[in-house]
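[1] following is a predicted model, sequence given first.
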Amino acid sequence: MLRAVAGLGRLTLSLVAEIGRMLIFTLEVLSHLVRPPFYPREFGQAVLAVGWQSLPVVGLTALFTGGALALQIYAGGARFSAEELVPQIVAVGMVRELGPVLVGLMIAARVTSSIAAEIATMKVTEQIDALVTLSTHPMKYLTLPRVLAAMLTVPVLVAVGDVIGIFGGYVVGTWRLGFNPAGYLKNTVDFLETLDIVSSLAKGAAFGLLAALAGCYFGMRSSRGAQGVGRATKSAVVAASVLILAANFILTEVFFSA
């Protein structure tokens, strides 16, 4: 019994220590936002990697999710003679929750893993040490451009995902479920509120920050060797996914608790 309690205590202390290290790392990254030098080329490459190259997977995920959501809502609403609510629920569900969360998880799977593997490999091959030797701060050159790019581009991806997801529901609703196209669009536009859109974009910025920070943090802390790179990548994706889901709950409570 005491051994189990001691093990739980060690696990708790380890978790708290890891959270503290991540918070210190985050504050250090944010402190570099206002201090030169800046690397616009690295930032531009990060924008392309995080934003443009993520569009296909984000678009396909949102499209099929919106279509499946419309089918599920129609089937569930038919039990209560509420099939006409499909456009409204698809719009609110995609914009408030499914759009930001799915985009965030896709970014965690695609971008966080890429960042962690890239930085961990640079550490293993001593490229980060070479940057320090050349008087280039690794935090400035490697971490800040990626974090800033994710914060700015993921909200755009969320907006695109919201639109494509609603379009997926529109296609299924009009072609498969027999909704009037004009009426479907009118119900969608009339039911959405400004707060829904603002919360969706705010979640996108927060999820982008968390995903990039997790990749950079675990990449920087990677141990030597191929196994270290693999562990860093795995830990980064798991941490980013859990942080995104936790942040989604907190932001939902902040925006819609009333």
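    Sure thing, it's come through.
[2] so where's the stretch 51-200 of the chain uncertain?
    Applying pLDDT under 70 to the stretch 51-200 of the chain flags no residue at all.
[3] which parts of it are helices?
    Ranges of helices in the stretch 51-200 of the chain, per DSSP state H, counting those that start in this stretch, are 55-77, 86-92, 99-107, 113-124, 127-133, 138, 144-171, 181-191, 194-220.
[4] Arg176: neighbouring residues, count only.
    Per other C-beta atoms under 10 Å, the neighbour tally for Arg176 reads 12. No exception for glycine: its C-beta is placed from N, CA and C like everyone else's.
[5] which residue sits closest to it, ignoring its sequence neighbours?
    Leu71 (7.4 Å; C-beta to C-beta, 6 or more residues apart in numbering).
[6] I'd like the helices of the stretch 51-200 of the chain laid out as JSON lines, including mean neighbour count and distance to Ile250.
    Output for the helices of the stretch 51-200 of the chain, formatted as JSON lines (neighbours: other C-beta atoms under 10 Å; distance: least, C-beta to C-beta, whole Å):
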{"stretch": "helix 55-77", "mean neighbour count": "18", "distance to Ile250": "23"}
{"stretch": "helix 86-92", "mean neighbour count": "23", "distance to Ile250": "19"}
{"stretch": "helix 99-107", "mean neighbour count": "25", "distance to Ile250": "13"}
{"stretch": "helix 113-124", "mean neighbour count": "22", "distance to Ile250": "23"}
{"stretch": "helix 127-133", "mean neighbour count": "13", "distance to Ile250": "33"}
{"stretch": "helix 138", "mean neighbour count": "19", "distance to Ile250": "30"}
{"stretch": "helix 144-171", "mean neighbour count": "24", "distance to Ile250": "17"}
{"stretch": "helix 181-191", "mean neighbour count": "15", "distance to Ile250": "25"}
{"stretch": "helix 194-220", "mean neighbour count": "23", "distance to Ile250": "9"}
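[7] relative to Thr26, which of the ones you listed is closest?
    Ranking the helices of the stretch 51-200 of the chain by proximity to Thr26 (C-beta to C-beta) places helix 194-220 first, at 5.7 Å.
[8] next, the angle helix 144-171 makes with the closest one.
    140 degrees (axes from the mean of the first three to the mean of the last three C-alpha atoms, to 10 degrees).
[9] helices or strands up against the helix or strand that helix 194-220 is followed by?
    Next along the chain after helix 194-220, taking DSSP states H and E as the criterion, comes helix 226-256. On a contact count with 3 or more C-beta pairs under 8 Å, 6 or more residues apart in numbering; DSSP states H and E, helix 226-256 meets helix 99-107, helix 113-124, helix 194-220.
[10] need those in CSV (columns: distance to Val132).
    Shown next, in CSV, are the helices and strands packed on helix 226-256 (distance: least, C-beta to C-beta, whole Å):
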stretch, distance to Val132
helix 99-107, 29
helix 113-124, 11
helix 194-220, 12
